[in-house]
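Peer 1: okay, sequence plus prediction incoming.
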Amino acid sequence: MEKMIAQMNVLVNEEGYLTDFTQWNKEIGDELAGEHNIVLTTRHWEVIDYIQGEYKRESPLSIRKIGKSGVVDIKEFYALFPAGPLKTATKIAGVPKPASCI
């Protein structure tokens, strides 16, 4: 289905995750973050860049993996994305919900 995000029509699934990563841009990321009451900082963008890099490498994501990445520890990951950090961060990053998320 289509959804208007940052003045662009993008394809999303029933949970609001982008279904075409090529449609993602930073403005869309900012607006998706706003839907979760998050104002993106440099630290958020570093985590988002890491998540997108792992997605492009087709490397499965998990909270444990992100905690061991050296980019962010688990405590900070939860502080940056408080309500379901992996679900929220991947949605903002424009990548599909990881299989490890319920």
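Peer 2: Noted; the coordinates are in hand.
Peer 1: can you tell me the centre-most residue of this protein?
Peer 2: In the chain, the residue lying closest to the centroid (Cα atoms, centre = their mean) is residue 90, at 2.4 Å.
Peer 1: so it versus residue 84, what's the distance?
Peer 2: 10 Å (Cβ to Cβ, to the nearest Å). For every residue, glycine as well, the C-beta is placed using N, CA and C.
Peer 1: where along this protein do the strands fall?
Peer 2: Using DSSP state E, the strands of the chain run over 2-5, 8-11.
Peer 1: what does the last one contact?
Peer 2: Contacts of strand 8-11 from elsewhere in the structure, counted by Cβ atoms under 8 Å, 6 or more residues apart in numbering, are 1, 2, 3, 4, 18, 19, 20, 23, 24, 25, 27, 28.
Peer 1: partners of it, with directions?
Peer 2: Paired neighbours of strand 8-11 in the sheet (DSSP bridges): strand 2-5 (antiparallel).
Peer 1: quick one: mean pLDDT for the strand it pairs with?
Peer 2: On average, the pLDDT along strand 2-5 is 93.
Peer 1: and for stretch 58-65?
Peer 2: Here the average pLDDT along stretch 58-65 is 91.
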